[in-house]
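Asker: take this sequence and fold it.
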Amino acid sequence: MSSVGVSSLEASEGSSEKIMLNVGGVKHETLRTTLMSLPGSRLAELVDTEKPPSELFFDRHPEVFAHVLQYYRSGKLHCPSNLCGLLLEEEFTFWGISSADVEPCCWETFRQNKENLKALAEIKPAGMKKEEESGQKRQSRSSRGWQRKIWALFDKPYSSISARVIAIVSLFFILLSIIAFSLWTLPSINSHQLLNAWASNSTVDFPSTLPLEAKILDTVEIVCSIWFAFEFLIRAVSCPSKLRFFMNAMNIVDLLALFPWFFRWSSNNFSVFALGFLHVMRCIRLLRVFKLMQHVFGVSVLTYTLRASLTSLCIVPLLLFICTLIFGTMIFFAELIHEDSYFSSILSGFWWALVTLTTVGYGDVIPVTGQGKCVAFLCAMVGVLLIVLPVPIIVNNFLKFSSLVKTKYSMPRMKENRSVDAGPTSSA
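Answerer: Numbering: from 1, shown residues only. Here you go, the predicted structure:
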């Protein structure tokens, strides 16, 4: 019989109902009709003959087969909790059983190992940094194209020591530009008061003379702008795909961050507003620090934790939206009978409910009636629960993935230490 891992020890002359199954040295006796209850499975195909064998031997996992045989008998597939889910899936595939038939009570245990394996494949802790660096260096040496080398130099901080230095210099200029603009907004330096003019809907002419501090900050701004333009131009020229480069969100932010200087010398309201918006883009560039820290253990695990928890966390905004509608409507009708009510419409009730549920509590809109205060009490309690809800999800996932990665990347070192401690052996 041509089946992997199975051999027929004895064939019966008739169609005997009893069949002996020897799996890994453990014998099981069952009926032919029991094995025929799952058409398409391996055992059903083996006994679906005119002369089925009276005994079959399989060199497979005996503990898993006990659950497989119970699935033939009861129609419910359960999994042992002490075995790896990947091993179970491999055994189920051999016996021709679909893993989708696993019972809900055992599904989490069955899937946990596969999800953990996926997490370990995507998380790259600091322990793997040296291996990746050496691999990238080999790739860089094998590639003679200047374009690939320059792209790695400016966009892949861990490709070389020079790339790491350039990434740190870029972050330094980003911080320097933000600090310079923040100091420029001081009243003692910003004598022409452009920001105040924008706030008051008026225009002010740019003065002919500037304080020394303002000239120094303008010089710093020019130097930072030159570096940003140089860096963006180099990355745009050397990138492998121009379309992907300009479609990337962070690259769009980098492009917008190049323009604050062009609006610096204008005093109209639109220019001042554009100046503030573009400097916000420059602050967003600080997210580059995550690219520089992508191989740091904690950052790598936290990044994957947030991605893995995203599906569960999506329910929080939905609940917040529903509770805002409910409590906003309740507070409006609860305060409707009071003459000095702060809630002139349901929209103002929505604003109050949102501020209360998020535990911000501005206090600009407050209930004054007894029933309104009862609604506020309930709204505040629900808000606390909504804020606390995401915390255990993130913490539990972070601890789980952190423990997995630490265990995985400590095991090779443990084996290496054992071999070193053991030392060479000699025979007499």
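Asker: from here on, contacts and neighbour counts on C-alpha atoms
Answerer: Will do.
Asker: how does this protein divide into domains?
Answerer: Here the domain parsing of the chain from automatic domain parsing is 6-122, 128-292, 312-390.
Asker: can you give me the helices in the stretch 201-350 of the chain?
Answerer: Assigned by DSSP state H, counting those that start in this stretch, the helices in the stretch 201-350 of the chain fall at 212-238, 242-247, 249-256, 269-284, 288-292, 297-308, 310-313, 315-334, 346-357.
Asker: any idea how far residue 240 lies from residue 167?
Answerer: Distance from residue 240 to residue 167, counting by C-alpha to C-alpha, to the nearest Å: 19 Å.
Asker: tell me which of these two has more neighbours.
Answerer: residue 167 (21 against 13; other C-alpha atoms under 10 Å).
Asker: so the more buried one touches residue 152, yeah?
Answerer: No - applying C-alpha atoms under 8 Å as the test, residue 167 and residue 152 come out as separate, 11.0 Å apart.
Asker: turn the helices of the stretch 201-350 of the chain into JSON lines, columns for mean neighbour count, distance to residue 97 and mean pLDDT.
Answerer: JSON lines is the format used below for the helices of the stretch 201-350 of the chain (neighbours: other C-alpha atoms under 10 Å; distance: least, C-alpha to C-alpha, whole Å; pLDDT from 0 to 100):
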{"stretch": "helix 212-238", "mean neighbour count": "16", "distance to residue 97": "52", "mean pLDDT": "84"}
{"stretch": "helix 242-247", "mean neighbour count": "12", "distance to residue 97": "43", "mean pLDDT": "86"}
{"stretch": "helix 249-256", "mean neighbour count": "16", "distance to residue 97": "45", "mean pLDDT": "78"}
{"stretch": "helix 269-284", "mean neighbour count": "18", "distance to residue 97": "51", "mean pLDDT": "62"}
{"stretch": "helix 288-292", "mean neighbour count": "15", "distance to residue 97": "44", "mean pLDDT": "63"}
{"stretch": "helix 297-308", "mean neighbour count": "18", "distance to residue 97": "29", "mean pLDDT": "75"}
{"stretch": "helix 310-313", "mean neighbour count": "13", "distance to residue 97": "30", "mean pLDDT": "81"}
{"stretch": "helix 315-334", "mean neighbour count": "18", "distance to residue 97": "35", "mean pLDDT": "92"}
{"stretch": "helix 346-357", "mean neighbour count": "22", "distance to residue 97": "49", "mean pLDDT": "93"}
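Asker: right, and these - which one's nearest residue 148?
Answerer: Closest approach to residue 148 among those (C-alpha to C-alpha): helix 212-238, 6.8 Å.
Asker: quick one: that closest one to helix 249-256, angle?
Answerer: 130 degrees (axes from the mean of the first three to the mean of the last three C-alpha atoms, to 10 degrees).
Asker: ok, the closest residue in space to residue 330 that isn't next to it in sequence - contacts?
Answerer: Distances taken as C-alpha to C-alpha, 6 or more residues apart in numbering put residue 375 closest to residue 330, at 7.1 Å, once the chain neighbours are dropped. Each residue near residue 375 by C-alpha atoms under 8 Å, 6 or more residues apart in numbering is listed here: 327, 330, 331, 334.
Asker: could I get the residues you listed as TSV with distance to residue 383?
Answerer: Shown next, in TSV, are those (distance: C-alpha to C-alpha, whole Å):
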residue	distance to residue 383
327	11
330	15
331	15
334	19
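Asker: and the residue nearest in space to the middle of the chain, what does it touch?
Answerer: In the chain, the residue lying closest to the centroid (C-alpha atoms, centre = their mean) is residue 307, at 1.9 Å. By C-alpha under 8 Å, 6+ apart, the contact set of residue 307 is empty.
Asker: so it versus residue 393, what's the distance?
Answerer: 12 Å.
Asker: just residue 55 next, same as before
Answerer: On the measure of C-alpha to C-alpha, residue 55 and residue 393 end up 51 Å apart.
Asker: helices of the stretch 1-150 of the chain, residue ranges please.
Answerer: Taking DSSP H, counting those that start in this stretch as the criterion, the stretch 1-150 of the chain carries its helices at 32-35, 42-47, 62-74, 85-94, 104-122, 129-142, 146-155.
Asker: contacts for stretch 345-352?
Answerer: Contacts with stretch 345-352, where a contact means C-alpha under 8 Å, 6+ apart, come from 324, 325, 327, 328, 329, 331, 332, 343, 365, 366.
Asker: and the last one, that one's in a strand?
Answerer: No - the assignment for residue 366, made by DSSP: H, G, I helix; E, B strand; the rest coil, is coil rather than a strand.
Asker: list the contacts for it?
Answerer: 342, 352.
Asker: please renumber the chain so that the first residue is 51 from this point on.
Answerer: Renumbered: residue one is now 51, and that last one reads residue 416.
Asker: hang on, the earlier thing: give me the pLDDT value at the residue nearest to residue 380.
Answerer: Per-residue pLDDT puts residue 425 at 94.
Asker: for it, which three-state class applies?
Answerer: At residue 425 the chain is in helix, as set by three-state DSSP.
Asker: turn the domains of the chain into CSV, including distance to residue 455.
Answerer: As requested, the domains of the chain are exported to CSV (distance: least, C-alpha to C-alpha, whole Å):
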stretch, distance to residue 455
domain 56-172, 6
domain 178-342, 11
domain 362-440, 22
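Asker: which of those has the lowest mean pLDDT?
Answerer: domain 178-342 - the lowest mean pLDDT of the domains of the chain, at a mean of 70.
Asker: residue 208: neighbour count?
Answerer: Counted with other C-alpha under 10 Å, the burial measure for residue 208 works out to 25 neighbours.
Asker: repeat for residue 94
Answerer: Quick note: residue 94 (other C-alpha under 10 Å) scores 20 neighbours.
Asker: wait, it touches residue 88, no?
Answerer: Yes - with contact defined as C-alpha under 8 Å, residue 94 counts as touching residue 88 (6.4 Å).
Asker: any residues in contact with both of these two?
Answerer: Counting by C-alpha under 8 Å, 6+ apart, no residue touches both residue 94 and residue 88.
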